[in-house]
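1. 3D model of this:
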Amino acid sequence: MSAPFLGIYGPVAVPLILLSIAVLTVGFDRWRYWVLWWRHRESRTLLCTRLAERGPAALEHQFDAWEREMRYGEPLLHAASVIGPLLGLVGTVIGLMRVLASLGPQLLVPAGASLRSYGMVLTSTALGLTVSVIATTCLFANQALRQWQRERLDRWRQRRLEAGLP
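-> Just a heads-up that it's a prediction; the model follows:
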């Protein structure tokens with residue numbers, strides 16, 4: 001049996017590792033973005049007040065820009081939540097095919113061989129599922145935070161309109 005790359009068999013090893021890195025990078029970026037978002041809420045309120053004095057178009061333009069910033073990385077996270085398990089399963093199937101080929105026509109484990117090494121073929125499925133869980137968690141968290149903040153901005157704008165302010 002050929003040596004696995006980080007315990008993952010087949011041509012999916014490198015794409016799965018790269019997908020893992022991309023998901024972790026986007027997840028960390030989203031965490032950093034929301035921490036900074038909350039730290040600068042007073043300056044954002046002041047900016048909204050100044051933009052509202054310029055007119056509704058300037059304020060709407062800023063809200064749209066924030067919406068784009070908040071959505072950053074969501075397509076990758078969505079794709080990773082679907083592709084991760086599929087890549088993992090492909091790696092497992094390829095690994096199982098190699099294991100069965102190494103067992104020979106009788107499908108017998110060679111004398112003195114450890115079954116522990118044969119269990120390594122499941123590593124790619126485990127990694128794919130882990131990537132999917134992390135990507136889905138990051139995606140749902142980002143979507144929920146984005147919706148919450150957009151509703152807060154809309155309520156702020158509505159209160160200003162009700163008060164007769166620009």
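2. In this protein, where's the longest helix?
-> The helix spanning the most residues in the chain, taking DSSP state H as the definition, is helix 123-162.
3. Tell me which other helices or strands it touches.
-> Here helix 123-162 touches helix 13-39, helix 41-54, helix 56-71, helix 74-103, going by 3 or more C-beta pairs under 8 Å, 6 or more residues apart in numbering; DSSP states H and E. Backbone N, C-alpha and C define where each C-beta goes, glycine included.
4. I'd like the next helix or strand past the longest one.
-> The helix or strand immediately downstream of helix 74-103 is helix 115-118, counting by DSSP states H and E.
5. what about the helices and strands packed on helix 123-162, which gets the closest to residue 140?
-> Evaluated over the helices and strands packed on helix 123-162, closeness to residue 140 peaks at helix 74-103, with 9.0 Å, by C-beta to C-beta.
6. now the closest one, how far from the centre of its chain.
-> Here the centre of mass of C-alpha atoms in helix 74-103, compared against the chain's by C-alpha atoms, centre = their mean, to the nearest Å, lies 17 Å away.
7. list the buried ones in that helix?
-> For helix 74-103, the buried set under the neighbour-count rule, 16 or more other C-beta atoms under 10 Å, comprises 74, 76-77, 80-81, 83-85, 87-88, 90-95, 98-99.
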